[in-house]
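A.B. asks: mind folding the following:
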Amino acid sequence: MLSSPEIWKEFFETYYRNELNKLAYKIAESSLNSSSSLYVDFSKDLAIYKGGKLAEELLENPIEVLRHAERGLSVSENIYDVNLEGCKVRFFNLPQTRKIRIKDIRSQHISKFVAIEGIIRKVTEVRPRIVEAVFKCNNCDKTTLVTPQNYLIDPPSQCDYCKRRKFILLLDESRSVDFQRIRIQEYPENLKGGEQPQMLDIFLEGDLTGKVNPGDRVIVNGILKKLSRGGRKSTNLDIILEGNSIEILEQEYEEFEITEEDKKKILELSEDPHIYERITESIAPSIYGYEDIKLAIALQLFGGIPKKLPDGTEIRGDIHILLVGDPGVAKCVEPESHVLMADGSLRKIKNVVEEAIKSKNARRIDDGFYAYTNHDIVTLDTTTARNIIYKANIVWKRLAPKKMYRVITKTGKVLGVTPTHPFFTLENGKIKIKKAQELQIGDPIATPSELPVFGKRQDLPDFKLPITKTSPEFWRFFAAVLAKGKIVKRKIVIEGVQEIVLPFIKNLNLEYRSVKNKIIINDKNLIKLIIYLGTTKIPDLLFKCSKEEIRSFLEVFFKLKAKIKKGKIIIEGNKKLLKQIQHLLLRFGVISRVGNYLTVLNSTKLAKELKINAKTKDSKIGIPNISKIIEELKVLLNLNSSNIPKSTFYCYEKGIREVPK
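C.D. replies: Modelled structure (predicted):
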């Protein structure tokens, strides 16, 4: 077994130095240590320490490993030189594989470290529980210490001094801790048909007591144990969870204080002549349009009638409550949809939302959750119709309606949305909003023609290589591996790309050999890095890299994989890889279509931005439904078509042909 007090001491002093000092300060100030705990993020820190082996041992042998951890904590160094004896180590954020539904608990889970999620149904009062009993011999008055087993106290079989068997329990001299018993129930919404929700009793001790109330939604992490039911010799057993930590998913509203800075800002806003517009714009800013409705809501919200009493005292009008309805009226998409972050990364919206909901800011609503967050994302500026970086401050997770809509564009983009999800479209040259349920086949919808979002050089995982950060050279090499390489018997084999990969290999002094038209790389650390990044898709790391790095990757990948088919540049590959290429091309304004293969639609832009030349023609990418506005502008501005062929101008006016971008 890897676990030992020394290993845990090293872990705490490496990853939790600041927390150790805070814990020591708390103990030094309060002179109490029995109710102090150090919280460890399992997935973030422990899972990567020692290759995850220590984390595995905790999950499989929690009783012994927890004993090592608490002993290691007690001898960990801190700047206050305080003894941390008696402090507890509590683990949270367990992996999904350890989250078990109560109905799925089996004997194989006994004595394992697990996470149970549900609703608190019953909470007992906090009472002392004896953890070290003192028995006095009735004959010689000598005392014996006994540690309870399975929450039961058995007196000593005989006195060590006089061998007699009668004892008295000395309650005042016995050591006890705070104890509470709670009962957790499965979520009703997860049940099927007439299925009844199952429950589990949880035992809490020390600083975990008194933290939850009936109705709270929580995740309790701890050790599953078995207890005898109906008597010491009964073969029927009950299962309980010995709680190690509690993650509260829903909290009551808290009071907050207005700072001097807040007061100053409020007074400034009170003098703002455009305060009505500001309030109106702050209501559902992600929903385009509906200015009249938003103004009506703002006036209702602050439209209380002031009263003036006979003695001259004024009472301002009451502020009304704004009831926020179903968030589906804004933008609700399916969990697998991707969100483009300001740093260039693409994240599944379900991961962004789940991460926020697991925080302490989550709030429960009728059929889901919402949580405050702080993400910079790329979105559409509704006034300029251009992409901007915008702050997302609230996320929602709701039960999906019975009917969802899947919108598929001609370029192969797919989006699953709620029926009321808005799409921007053009009618007679003007931007209009249509709900998903109102769209017809052939309707034009607005999608980005360019996403100029770029990041910076990224840190590479530590595989003991001479390089620690990404670079254009690294991504040129990786593109060659992805396009023409494979891993065979723990070796990287790349065919026909010597001029691309050899400079990178030689610069790092890596071990390789050349056989005919192939480069064979034997460096174990580089192989580990390539396996870690993946050989069938583009690593997430690249999406956060700089413009030059992404350009270098695409240049090499197109050079090695692109073909000409029916006068178009195409790339073949798996669907996920093609979708990734399609997105990266949009960073440079290159539009493509994904079907059975990826087709570049504006190769002129490809040649300009990525220096990839081919004798191909661009597809016609025009602006639809603007013929009427062309006619209106022609009359309004007294324009003529002297510089445009009459037949072409006629086609634009009548909508026969789309106006090029």
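A.B. asks: okay, CA-based contacts and neighbour counts for the rest of this
C.D. replies: Noted.
A.B. asks: what helices or strands is the helix or strand where Lys9 lies leaning on?
C.D. replies: Assignment of secondary structure by DSSP states H and E places Lys9 within helix 5-15. Of the remaining helices and strands, those touching helix 5-15 by 3 or more CA pairs under 8 Å, 6 or more residues apart in numbering; DSSP states H and E are helix 62-74.
A.B. asks: so Val395 is in which element?
C.D. replies: Using DSSP H and E, Val395 sits within strand 386-398.
A.B. asks: what mean pLDDT does that strand get?
C.D. replies: In this model, strand 386-398 carries a mean pLDDT of 78.
A.B. asks: what's the next secondary structure element after that strand?
C.D. replies: Secondary structure here is assigned by DSSP H and E; on that basis, the next helix or strand after strand 386-398 toward the C-terminus is strand 405-408.
A.B. asks: strands paired with that next one, and their directions?
C.D. replies: Looking at strand 405-408 with DSSP bridges, its partner strands are strand 414-417 (antiparallel).
A.B. asks: how distant is the partner strand from the center of its chain?
C.D. replies: Here the centre of mass of C-alpha atoms in strand 414-417, compared against the chain's by CA atoms, centre = their mean, to the nearest Å, lies 20 Å away.
A.B. asks: okay, now the unreliable bits of the stretch 501-650 of the chain?
C.D. replies: In the predicted model of the stretch 501-650 of the chain, residues 614-650 satisfy pLDDT under 70.
A.B. asks: please name the nearest non-neighbouring residue to the residue of the chain most remote from its centre.
C.D. replies: When distances to the mean C-alpha position of the chain are computed (CA atoms, centre = their mean), the maximum falls on Asn139, with 64.8 Å. On the basis of CA to CA, 6 or more residues apart in numbering, the spatially nearest residue to Asn139 that is not a chain neighbour turns out to be Arg164, at 7.0 Å.
A.B. asks: distance check, the one you found against Glu271.
C.D. replies: Noted for Arg164: a distance of 88 Å to Glu271, by CA to CA, to the nearest Å.
A.B. asks: quick one: Val40 and Asn387, what's the gap?
C.D. replies: Taken as CA to CA, the spacing of Val40 relative to Asn387 amounts to 40 Å.
A.B. asks: same deal with Ile612?
C.D. replies: Using CA to CA, one gets 26 Å for the distance from Ile612 to Asn387.
A.B. asks: how is the chain divided into domains?
C.D. replies: For the chain, the domain assignment from automatic domain parsing gives the residue ranges 5-93, 98-248, 260-315, 327-438, 472-610, 626-660.
A.B. asks: mind putting those into JSON lines with distance to Ile445?
C.D. replies: As requested, the domains of the chain are exported to JSON lines (distance: least, CA to CA, whole Å):
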{"stretch": "domain 5-93", "distance to Ile445": "41"}
{"stretch": "domain 98-248", "distance to Ile445": "36"}
{"stretch": "domain 260-315", "distance to Ile445": "15"}
{"stretch": "domain 327-438", "distance to Ile445": "5"}
{"stretch": "domain 472-610", "distance to Ile445": "15"}
{"stretch": "domain 626-660", "distance to Ile445": "14"}
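A.B. asks: and the ones you listed, which one is worst for confidence?
C.D. replies: Among the domains of the chain, domain 626-660 carries the lowest mean pLDDT, a mean of 57.
A.B. asks: can you map out the strands along the stretch 1-150 of the chain?
C.D. replies: In the stretch 1-150 of the chain, the strands defined using DSSP state E, counting those that start in this stretch lie at 37-41, 88-92, 113-123, 127-137, 143-146.
A.B. asks: and the ones you listed as CSV, adding mean neighbour count and distance to Ser552?
C.D. replies: Below are the strands of the stretch 1-150 of the chain laid out as CSV (neighbours: other CA atoms under 10 Å; distance: least, CA to CA, whole Å):
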stretch, mean neighbour count, distance to Ser552
strand 37-41, 17, 38
strand 88-92, 21, 41
strand 113-123, 22, 45
strand 127-137, 18, 65
strand 143-146, 16, 70
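A.B. asks: nearest to Asn507, of those?
C.D. replies: Taking CA to CA, strand 37-41 is the member of those nearest to Asn507, at 39.1 Å.
A.B. asks: tally of neighbours for Cys159?
C.D. replies: Residues within reach of Cys159, counting by other CA atoms under 10 Å, total 22.
A.B. asks: so which strand or helix has it?
C.D. replies: Applying DSSP H and E, one finds Cys159 in no helix or strand.
A.B. asks: tell me how many other residues crowd Tyr370.
C.D. replies: Counted with other CA under 10 Å, the burial measure for Tyr370 works out to 21 neighbours.
A.B. asks: help me confirm that it is found in a strand?
C.D. replies: Yes. The assignment for Tyr370, made by DSSP: H, G, I helix; E, B strand; the rest coil, places it in a strand.
A.B. asks: let me see the contact set for it.
C.D. replies: Ile357, Ala362, Arg363, Arg364, Ile394, Val395, Trp396, Lys397 (CA atoms under 8 Å, 6 or more residues apart in numbering).
A.B. asks: so Ser552 belongs to a strand, correct?
C.D. replies: No. With three-state DSSP as the criterion, Ser552 is helix rather than part of a strand.
A.B. asks: pretty sure it contacts Ser471?
C.D. replies: No. No contact is recorded between Ser552 and Ser471 when judged using CA atoms under 8 Å, the distance being 9.1 Å.
A.B. asks: separation between Lys576 and Gln582?
C.D. replies: Here Lys576 is placed at a distance of 10 Å from Gln582 (CA to CA).
A.B. asks: same drill for those two, tell me which one is more crowded.
C.D. replies: In terms of neighbours (other CA under 10 Å), Gln582 is the more surrounded of Lys576 and Gln582; the figures are 22 against 12.
A.B. asks: just give the nearest non-adjacent residue to the more buried one, would you?
C.D. replies: With sequence-adjacent residues excluded and distances taken as CA to CA, 6+ apart, Gln582 is closest to Ser592, at 6.1 Å.
A.B. asks: give the contact list for that neighbour.
C.D. replies: Residues Thr411, Gln582, Leu585, Leu598, Thr599, Val600, Leu601, Asn602 are the ones in contact with Ser592 under the rule CA under 8 Å, 6+ apart.
A.B. asks: of the residues you listed, closest to Lys53?
C.D. replies: If you rank the contacts of Ser592 by distance to Lys53 using CA to CA, Gln582 comes first, at 39.0 Å.
A.B. asks: CSV for the strands of the stretch 1-150 of the chain, including distance to Leu227?
C.D. replies: Converted to CSV, these look like this (distance: least, CA to CA, whole Å):
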stretch, distance to Leu227
strand 37-41, 27
strand 88-92, 23
strand 113-123, 17
strand 127-137, 17
strand 143-146, 19
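A.B. asks: for Leu586, what are its contacts?
C.D. replies: Applying CA under 8 Å, 6+ apart to Leu586 gives the contacts Pro448, Ser449, Glu450, Leu451, Pro452.
A.B. asks: still on that earlier bit, compare Arg164 and Glu271 (neighbour count), which wins?
C.D. replies: In terms of neighbours (other CA under 10 Å), Arg164 is the more surrounded of Arg164 and Glu271; the figures are 15 against 9.
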